[in-house]
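1. Here's a sequence, model it:
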Amino acid sequence: MKLKSIMAAVALLAASQLASAEIKVGVVVSATGPASSLGIPEKNTVALLPKKIGNETVTYIVLDDASDTTTAVKNTRKLVSEDKVDVIVGSTVTPNSLAMIDVAAESQTPMVSMAASSRIVQPMDAKKAWVFKTPQDDIMMATAIASHMSNTGVKKVAFIGFSDAYGEGWYNEFNKISSIYGLTVVANERFARSDTSVTGQALKIVAAKPDAVLVAGSGTPAALPQKALKERGFTGKMYQTHGVANNDFLRVCGKDCEGTFLPSGPMLVAKQLPASHPVKKSALEYVTKYEAQYGAGSVSTFGGHAWDAFQLVNAAATKALKKAKPGTPEFSVALREALEGTTNLPGAHGIFSMTKTDHLGLDQRAREMVQIVDGTWKWAPAK
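-> Okay, the predicted model is just below:
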């Protein structure tokens, strides 16, 4: 009788532990290094997230990759092998996210990247079946830029981008569509995120006499080519990518940014959008929560990409919990399948509807043209 009582108590304890299993979310961000202006608001966003999903406690384990690819991989391995996370959110930049894919696929852990390149989720294969992302694809934003250039009389364009996967991806996408909009690319230059001078590249661009220059960089390092071009008297139109949509870029670039155009998610100018805009409500939800925590004007679009990643995880985990318990391979599979089944989920940057072959799920509602005017972001809708 005594043995039966002990067995019953053990069974009850086991059932209790199973019922209180926690969902572990591993987060990899570039909170230091060249990409820190992007990674810090992503890290800050974690403090705004729910501590429970359904009846389960959620634990967020945040690691800094210092904008370094090797560290990003090391962090990812730690999260899956030691911390046994159910899902990974990260990293901040494209090279780090691409490097993390192998670890996510090997461990069969769903991963939601906060980096932009379409190469993170395309072309779809067995590895990328475990990977999703929240920022708009390069081609979506490149099309917005090319269209704007064409509509404002630009004919010749010079390109300068990061000497890594981000810059290369942007050049490939922009080059694909430039001729469709009657544009000719007259220069193609590169620079490293850690460079302190791009004098040579700037001189080549000025010599090519373009009507406009597109800088394909992210964060504060993207200000370097623009400042160099202004110093050398370039007076044509300047374009940046959505990789610069934060206040640190405005601060570093200063007056040299004035008049610059860029595509961005609706969140950047959410307060300026008409009430009828389909993303205004969900974008303002994040803006309001972030600024309540960190102060007026502190919000960043990169934090918005993190917010969207967690909205996806939250919605998918709610469904996955009906099929399996956290900490099990079955839960990981159910979570991945639920992410692929995401339909009409409103986020800070758009409305997400994913499929087995589309692990981004955004459409044209996820982009707006913006211009830097008097050191602020101004909505510049197409005329």
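2. where in this structure is pLDDT low?
-> Per-residue confidence for the chain (pLDDT under 70) gives these ranges: 1-20, 383.
3. Which parts of it belong to which domain?
-> Domain segmentation of the chain under automatic domain parsing yields 21-136+287-363, 138-264.
4. As a markdown table, the ones you listed with mean neighbour count and distance to L273 would be great.
-> Yep, even glycine has a C-beta here, placed from its N, CA and C like the rest. Converted to a markdown table, these look like this (neighbours: other Cβ atoms under 10 Å; distance: least, Cβ to Cβ, whole Å):
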| stretch | mean neighbour count | distance to L273 |
| --- | --- | --- |
| domain 21-136+287-363 | 21 | 11 |
| domain 138-264 | 20 | 12 |
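5. nearest to T376, of those domains?
-> domain 138-264 (7.6 Å; Cβ to Cβ).
6. Which residue comes closest to the residue at minimal distance from the centre of the chain once chain neighbours are left out?
-> When Cα atoms, centre = their mean is applied to the chain, the residue found nearest the centroid is M114 (3.1 Å). Nearest residue to M114 in three dimensions, chain neighbours excluded: H305, at 4.4 Å (Cβ to Cβ, 6 or more residues apart in numbering).
7. Also A270?
-> Take A270 and drop its neighbours on the chain: the residue closest to it by Cβ to Cβ, 6+ apart is A283, 3.9 Å away.
8. want to throw the domains of the chain into TSV with distance to K271?
-> Output for the domains of the chain, formatted as TSV (distance: least, Cβ to Cβ, whole Å):
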stretch	distance to K271
domain 21-136+287-363	7
domain 138-264	13
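9. looking at those, which is closest to A380?
-> domain 138-264 (6.7 Å).
10. Over to the closest one now: how far is its first residue from its last?
-> Counting by Cα to Cα, to the nearest Å, you get 11 Å between the two ends of domain 138-264.
11. how far does that domain sit from the chain's center?
-> Distance of domain 138-264 from the chain centroid (Cα atoms, centre = their mean, to the nearest Å) equals 19 Å.
12. so who does the residue nearest to A270 touch?
-> 265-267, 270, 273, 304, 347-349 (Cβ atoms under 8 Å, 6 or more residues apart in numbering).
13. For the residue nearest to M114, give me its contacts.
-> Applying Cβ under 8 Å, 6+ apart to H305 gives the contacts 42, 114, 134-135, 265, 348-349.
14. What is the three-state secondary structure of T57?
-> Secondary structure, DSSP: H, G, I helix; E, B strand; the rest coil: T57 is strand.
15. who does it bridge with?
-> K52 (DSSP bridges).
16. Check the gap between it and P110 for me.
-> 19 Å (Cβ to Cβ, to the nearest Å).
17. can you check K24 too?
-> 12 Å.
18. Can you work out which residues contact both of these two?
-> Residues touching both K24 and P110 (Cβ under 8 Å, 6+ apart): 86-87.
19. Give me the next element, helix or strand, following the host helix or strand of the residue nearest to M114.
-> Using DSSP states H and E, H305 maps to helix 301-320. Remark: after helix 301-320, the chain's next helix or strand is helix 329-340, criterion DSSP H and E.
20. Determine the set of other helices and strands touching that following helix.
-> Packing partners of helix 329-340 (3 or more Cβ pairs under 8 Å, 6 or more residues apart in numbering; DSSP states H and E): helix 301-320.
21. Just the CA trace of the helix it packs on, in PDB.
-> Provided in PDB are the C-alpha atoms of helix 301-320 (Å, rounded to 0.1, in the frame of the first residue of the first chain):
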ATOM      1  CA  THR A 301      11.800  49.800 -37.300                       C
ATOM      2  CA  PHE A 302      14.400  47.100 -36.300                       C
ATOM      3  CA  GLY A 303      12.600  46.600 -33.000                       C
ATOM      4  CA  GLY A 304       9.500  46.300 -35.100                       C
ATOM      5  CA  HIS A 305      11.000  43.300 -37.000                       C
ATOM      6  CA  ALA A 306      11.700  41.700 -33.600                       C
ATOM      7  CA  TRP A 307       8.100  42.400 -32.500                       C
ATOM      8  CA  ASP A 308       6.800  40.800 -35.600                       C
ATOM      9  CA  ALA A 309       9.000  37.700 -35.100                       C
ATOM     10  CA  PHE A 310       7.500  37.300 -31.600                       C
ATOM     11  CA  GLN A 311       4.000  37.800 -32.800                       C
ATOM     12  CA  LEU A 312       4.600  35.000 -35.200                       C
ATOM     13  CA  VAL A 313       6.000  32.800 -32.500                       C
ATOM     14  CA  ASN A 314       3.200  33.600 -30.100                       C
ATOM     15  CA  ALA A 315       0.500  32.700 -32.600                       C
ATOM     16  CA  ALA A 316       2.300  29.600 -33.800                       C
ATOM     17  CA  ALA A 317       3.000  28.400 -30.200                       C
ATOM     18  CA  THR A 318      -0.700  28.800 -29.300                       C
ATOM     19  CA  LYS A 319      -1.600  26.300 -32.000                       C
ATOM     20  CA  ALA A 320       1.400  24.000 -31.400                       C
END
